[in-house]
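Novice: No sequence on hand, only this structure:
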């Protein structure tokens, strides 16, 4: 008997055989990432040629030139800005009278105690003594201590021309006396505070009238005006600065009238000399720098 060749094989037998019959594939090891780069740069560059060196040198010179141009432009802009600020500062400077050292209240001021200095206008009082107004300071006494280098306010000086009260307006050793006069006797409205007059005092009555002239009398106020001009404004009272003897004389007079004195007659030699003795300080660098820049 013949055996059938179509015998049934167990399930999965073919699959097992095929699997075992397939060759095993081994995984290839991954090559390092730097391998390609190593091969890429394996070829070494040769020495730099003169052309390469010239090219590098030209780039370096160009960079240096660019930096120099930028630096020069910045320096020029900075210089112009500094010059503008200096010119602005100089235009705002005002020359005023200041003490060389601290001056105690009640001390009579002399010319050797003073000097002139340039300070910014924003720090200068409205009634600060200027160089031409030294005569308003010399011979006066401050009502409060004056600090070295600080502009002197004339309104704080005893007997100053810009006094804020009658007690400050009158000089030391004098008194203020107000007289009510008609327009003709007081020269209204022609006089102003600070003017000097000759007072003509009359004594007696009837046919026996004598007169006496008191010269160089300072007008302290017209009505309530202590300083400034009263031109065009009439007044009915005049306040005069008198010493004790002058006051006694006028208090016994039967009448008085005023006559104006020339301005030049009231500029004493001491005032003129004191103004010339005041020297400029040497510490005004902004002004000196501006002058030297203009000369160049």
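Specialist: Great, that's in hand. Model, not experiment: these values are computed from the prediction.

Novice: Which helix or which strand is home to residue 240?
Specialist: Element membership for residue 240 (DSSP states H and E) is strand 237-242.

Novice: before we move on, what SS does residue 233 have?
Specialist: What DSSP: H, G, I helix; E, B strand; the rest coil gives for residue 233 is coil.

Novice: Was I right to think residue 259 contacts residue 196?
Specialist: No: applying Cβ atoms under 8 Å as the test, residue 259 and residue 196 come out as separate, 10.4 Å apart. The way it works is simple: take the backbone N, C-alpha and C, and place the C-beta from them, glycine included.

Novice: Pass me the low-pLDDT residue ranges in the protein, would you?
Specialist: Along the chain, the parts satisfying pLDDT under 70 run over 1-48, 79, 83-91, 160-161, 228-232, 265-296.

Novice: Tell me the helices and strands packed up against the longest helix along the chain.
Specialist: Secondary structure assigned by DSSP state H gives helix 50-91 as the longest helix of the chain. For helix 50-91, the packing partners by 3 or more Cβ pairs under 8 Å, 6 or more residues apart in numbering; DSSP states H and E come out as helix 285-295.

Novice: now the helices: where do they sit in the stretch 151-296 of the chain?
Specialist: Using DSSP state H, counting those that start in this stretch, the helices of the stretch 151-296 of the chain run over 166-169, 183-186, 244-251, 269-277, 285-295.

Novice: For residue 259 and residue 196, work out which one has more neighbours and name it.
Specialist: For residue 259 versus residue 196, the count of surrounding residues by other Cβ atoms under 10 Å is larger for residue 196: 17 against 12.

Novice: Verify the contact between the more buried one and residue 240 for me.
Specialist: No: Residue 196 lies out of contact with residue 240 (Cβ under 8 Å); the separation is 10.1 Å.

Novice: what sits in contact with each of these two?
Specialist: 217-219 (Cβ atoms under 8 Å, 6 or more residues apart in numbering).

Novice: Mind putting those into a markdown table with distance to residue 82 and neighbour count?
Specialist: Shown next, in a markdown table, are those (distance: Cβ to Cβ, whole Å; neighbours: other Cβ atoms under 10 Å):
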| residue | distance to residue 82 | neighbour count |
| --- | --- | --- |
| 217 | 55 | 21 |
| 218 | 50 | 21 |
| 219 | 51 | 21 |
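
Novice: out of these, who's nearest residue 246?
Specialist: residue 217 (7.1 Å; Cβ to Cβ).

Novice: That closest one pairs with what?
Specialist: Residues in a beta bridge with residue 217, per DSSP bridges, are residue 197.

Novice: For residue 234, list the residues it contacts.
Specialist: If you count contacts by Cβ under 8 Å, 6+ apart, residue 234 has them with 183, 188-189.

Novice: Just the buried residues of those.
Specialist: The neighbour-count test (16 or more other Cβ atoms under 10 Å) marks residue 188 as buried among the contacts of residue 234.

Novice: Between the contacts of residue 234, which sits nearest residue 133?
Specialist: Proximity of those to residue 133 was ranked by Cβ to Cβ; the top entry is residue 189 with 25.3 Å.

Novice: Got the phi and psi for the closest residue to the closest one other than its chain neighbours?
Specialist: Spatial nearest neighbour of residue 189, excluding adjacent residues (Cβ to Cβ, 6 or more residues apart in numbering): residue 234 at 4.5 Å. Phi and psi for residue 234, reported as degrees, to the nearest 10, are phi -80, psi 160.

Novice: Much appreciated, bye for now.
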